[in-house]
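**Q** Mind folding the following:
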Amino acid sequence: MDVPLPALAALERTPIAAAPLPARATAGLDGTSESAAFWKVGDRILGLYEVLEVFTAGGMGLVYRVHHLGWGVDLAVKSPRLDLPGGDAIRESFLREARLWVSLGVHPYVCTCHYVRTLDGIPRAFAEFVDGGSLHDWIEDGRLYSGGHRAALARILDIAAQVAWGVAHAHERGVVHQDLKPANVLLDQGPGKVVG
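**A** Purely as a prediction, here's the structure:
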């Protein structure tokens, strides 16, 4: 049975409308390249990443879908919104959480955070991109319950078991998610993934 597999994430997949973003500040690996504090679709960052989509991540951050030009894969790039009050505290909290996420390593039910990199003074977590929508989306639009009672029950139990395995992996490493909810469980057709 092909059942979508979950990934836990503190990412809400709400695309941002094509509203103007704040002015760009540039600084690259050598201090002269093309990275930007706020990215927009079509931007090329450091010659390594092409921005494909921009999403919200709650009210405190942004998530970008980028294509890693060297690896040939899409990544999710999560960054805090430092333009909000308490920017320095937000930055430090984000860095702590992102480093914990990286420390979870590779696991079949954990969304891998490959690395954290600071660009333009903004820490950014570069993670595996999971493209299937959130459990919240699947509940709201009825996909979770499709195929009749038996299929829906099998799907729900499978997702619950995978979430439990991912959370157990994090707990074994001393990491507690702290915001586990349907909007933070991302679904995919491949192996399930957990984000710390």
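**Q** helices or strands up against the longest helix seen in the chain?
**A** Criterion DSSP state H: the longest helix present in the chain is helix 148-172. When contacts are defined as 3 or more Cβ pairs under 8 Å, 6 or more residues apart in numbering; DSSP states H and E, helix 148-172 packs onto strand 5-8, strand 185-188, strand 193-194. All C-beta atoms are positioned from the backbone trio N, CA, C, and that covers glycine.
**Q** and this protein, what are its domains?
**A** Per the TED database, the structural domains of the chain span 38-129, 132-195.
**Q** what's the least confident stretch among those domains?
**A** When the domains of the chain are ranked by mean pLDDT, domain 132-195 comes last with a mean of 88.
**Q** then stretch 62-73 to PDB, C-alphas only?
**A** Taking C-alpha atoms only, stretch 62-73 is exported to PDB below (Å, rounded to 0.1, in the frame of the first residue of the first chain):
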ATOM      1  CA  LEU A  62      10.400  32.300   6.500                       C
ATOM      2  CA  VAL A  63      11.000  29.100   4.600                       C
ATOM      3  CA  TYR A  64      12.300  29.000   1.100                       C
ATOM      4  CA  ARG A  65      12.400  26.100  -1.400                       C
ATOM      5  CA  VAL A  66      15.700  26.400  -3.200                       C
ATOM      6  CA  HIS A  67      17.400  24.200  -5.800                       C
ATOM      7  CA  HIS A  68      21.000  23.400  -4.800                       C
ATOM      8  CA  LEU A  69      22.800  23.800  -8.100                       C
ATOM      9  CA  GLY A  70      25.800  21.600  -7.100                       C
ATOM     10  CA  TRP A  71      23.800  18.800  -5.600                       C
ATOM     11  CA  GLY A  72      20.900  18.900  -8.100                       C
ATOM     12  CA  VAL A  73      18.300  18.700  -5.300                       C
END
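**Q** got the residue ranges for the strands in the chain?
**A** Here the chain has its strands, by DSSP state E, at 5-8, 14-15, 44-45, 49-57, 61-68, 73-80, 113-119, 122-128, 185-188, 193-194.
**Q** Generate JSON lines for the domains of the chain, with mean neighbour count as supplementary columns.
**A** As requested, the domains of the chain are exported to JSON lines (neighbours: other Cβ atoms under 10 Å):
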{"stretch": "domain 38-129", "mean neighbour count": "17"}
{"stretch": "domain 132-195", "mean neighbour count": "17"}
